[in-house]
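Student: Here's a sequence, model it:
(chains A, B, C and D)
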Number of protein chains: 2
Amino acid sequence: MSDALPDFDLERYLPYRFVVLSARLSSKLAKQYKKEFGISIPEWRVLLNVGYTKDLSVRDIEQRVSLERSKVSRAATKLEAKGYLAKQVDSRDKRLLKLTLTPEGTELLSKLIPIAESFQAELNQILGEDTEALQLALDRLMTEMD
Amino acid sequence: MSDALPDFDLERYLPYRFVVLSARLSSKLAKQYKKEFGISIPEWRVLLNVGYTKDLSVRDIEQRVSLERSKVSRAATKLEAKGYLAKQVDSRDKRLLKLTLTPEGTELLSKLIPIAESFQAELNQILGEDTEALQLALDRLMTEMD
DNA sequence: AGAAAATTATTGCACATGCAACGACTTTTC
DNA sequence: GAAAAGTCGTTGCATGTGCAATAATTTTCT
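Tutor: The predicted structure is shown next:
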């Protein structure tokens, strides 16, 4: 038969499963953040990174979070406009930008964190004992994927 | 201090880890598909679903794959234009559409599958014994997240 | 030192996306 | 059985995204 397809188990196909699951998790969180705080996903991610690491540049974030340069840049610009983040040119290398949270940014983030934590707690509850195994598997995949 | 942040371990935050990982996996695959076959991610996902389940409707795919109605619809239209997929109105419920692969669609998919399989194999290699544990954890999360 | 190559953040632009509105149809309700 | 409510797929529109091009700087090379 010319229209035979090779066997393929979509339900166990990892890239597919990850995409579906992560889309669900993200959109669930995103809706909350958007509605209550007017923050988009890239903005939230930048906020988080800048909040927990000092003087990050756009490129640093790009690499750590797999967030496109342009996305980071635009998210940073918006956060700056909203008064949550300050951009400062690095004095040693003037191409680089040092990103820092303003007090308002820190305040916002400290409201966002508990929501994130409780979501994590929910996931841990679902996973129970298997939480650690999952984290390990993710460690592996992250480090081994160039 | 007013600018103290609660502790938060970004590196172990699951929604974040999933998003980053799945973005990497997807874009790696997507580039291949796009370059060699001119197929986008939503198109690939629709192709896959239609290929392995008979007479799916747009809504069926939306629910199975967490792919927006409009995305499915547009992907289907493009696949139809390229001759890979046929749309047919369901005779019992004329609101529904039955999607089927054309022979060309089947042929294309049978070229795409091996690429997907070898990617999966690569992941299994990385995960080794832990593959099953990961799949189980994903099962849990998928079913428990309404 | 000075020219060439590389790196950083931004931006313009074409295209993708998400959402609400719509028309076509079906189911429910009275 | 007609009207109201609901469902399905598509589309218009405002917004988001990815990529290539750019200006400003730094690094490398001769």
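
Student: where are the low-confidence patches of chain A?
Tutor: Counting by pLDDT under 70, the ranges of chain A that qualify are A:1-3, A:146.

Student: Quick one: name the residues of it near DNA strand D.
Tutor: For chain A, the residues in contact with DNA strand D (CB under 7 Å from any atom of the strand) are A:Ser40, A:Ile41, A:Pro42, A:Glu68, A:Arg69, A:Ser70, A:Lys71, A:Arg74, A:Arg92, A:Asp93, A:Lys94, A:Arg95. Placement of C-beta: from N, CA and C, glycine included.

Student: residues touching A:Gly83, list them.
Tutor: A:Thr102, A:Glu104, A:Gly105 (CB atoms under 8 Å, 6 or more residues apart in numbering or on different chains).

Student: Can you lay out the residues you listed as JSON lines showing neighbour count and secondary structure?
Tutor: JSON lines is the format used below for the contacts of A:Gly83 (neighbours: other CB atoms under 10 Å in any protein chain shown; DSSP: H, G, I helix; E, B strand; the rest coil):
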{"residue": "A:Thr102", "neighbour count": "16", "secondary structure": "coil"}
{"residue": "A:Glu104", "neighbour count": "14", "secondary structure": "helix"}
{"residue": "A:Gly105", "neighbour count": "22", "secondary structure": "helix"}
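
Student: So A:Leu134 sits against B:Leu136, correct?
Tutor: No - with contact defined as CB atoms under 8 Å, A:Leu134 does not count as touching B:Leu136 (9.0 Å).

Student: Between the two, tell me which one has more neighbours.
Tutor: Neighbours per residue, other CB atoms under 10 Å in any protein chain shown: of A:Leu134 and B:Leu136, the larger number sits with A:Leu134, 23 against 14.

Student: So which residues lie in contact with the helix or strand the more buried one falls within, not counting its own?
Tutor: Per DSSP states H and E, A:Leu134 falls inside helix A:131-144. With contacts defined as CB under 8 Å, 6+ apart, helix A:131-144 is touched by A:123-124, A:127, B:12, B:14, B:17-18, B:20-21, B:123, B:126-127, B:130, B:133-134, B:137.

Student: Excluding covalently adjacent residues, which one is nearest to A:Ser26?
Tutor: B:Val19 (5.6 Å; CB to CB, 6 or more residues apart in numbering or on different chains).

Student: The one you found is in contact with A:Lys28, isn't it?
Tutor: No - look at B:Val19 against A:Lys28 with CB under 8 Å: they stay out of range, at 11.9 Å.

Student: Check the contacts of helix A:131-144 for burial and list the buried ones.
Tutor: Burial by neighbour count, judged by 16 or more other CB atoms under 10 Å in any protein chain shown, picks out A:123, A:127, B:14, B:17-18, B:20-21, B:123, B:127, B:130, B:133-134, B:137 from these.

Student: Next, give me the two most distant ones among those.
Tutor: A:Leu123 and B:Leu123 (21.4 Å; CB to CB).

Student: Go ahead and flag the most central residue of chain A.
Tutor: A:Arg45 (4.3 Å; CA atoms, centre = their mean).
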